[in-house]
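*Asks:* Structure of the sequence below:
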Amino acid sequence: MYYMDARNISKPQWTSAGLLGLLRASLPPTDRARAVASHANPPPERLDSDQIAEVASAWRDRSSFGDLGAESVAQALEMVARRRAEKQNRIQAMGKRLTDLMRLP
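*Replies:* Have a look, this model is predicted:
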């Protein structure tokens, strides 16, 4: 009986984090990782909501020149800009609320 108990304890205990780490290590690098590693043509930085709104207005200007798809692209970009701005406002409000709570005695 004791031998069987000792044998069961020595079994490896796999966790999901350990298995996922092994799987990720075996995957080839992504295109972004390769581009950053080679420094040949790094991907552009993420745009904030104001920059996306500017790009949307540029696409809206293209629709005046007869580009039929430009209006829908502009609307989609404006929606993304609005959602990012709302998310940023929620994050700032939450941070302010946490700060206020920490100041309470």
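
*Asks:* Could you pull out the helices in the protein for me?
*Replies:* 2-9, 16-26, 31-38, 49-63, 70-103 (DSSP state H).

*Asks:* Of the ones you listed, which shows the lowest average pLDDT?
*Replies:* Lowest mean pLDDT of these: helix 2-9, a mean of 53.

*Asks:* quick check: domain ranges of this protein?
*Replies:* 14-43, 49-103 (automatic domain parsing).

*Asks:* Deepest-packed of those, please.
*Replies:* Among those, the stretch with the highest mean neighbour count (mean count of other CB atoms under 10 Å) is domain 49-103, at a mean of 13. Just so you know, the C-beta spots here come from the backbone N, C-alpha and C atoms, and that holds for glycine as well.

*Asks:* Return the residues in contact with the nearest residue to residue 88 once chain neighbours are set aside.
*Replies:* Leaving aside its sequence neighbours, residue 88 sits nearest to residue 49 (CB to CB, 6 or more residues apart in numbering; 6.8 Å). By CB atoms under 8 Å, 6 or more residues apart in numbering, residue 49 lies in contact with 81-82, 84-85, 88.

*Asks:* From residue 65, how far out is residue 49?
*Replies:* Residue 49 is 26 Å from residue 65, where distance means CB to CB, to the nearest Å.
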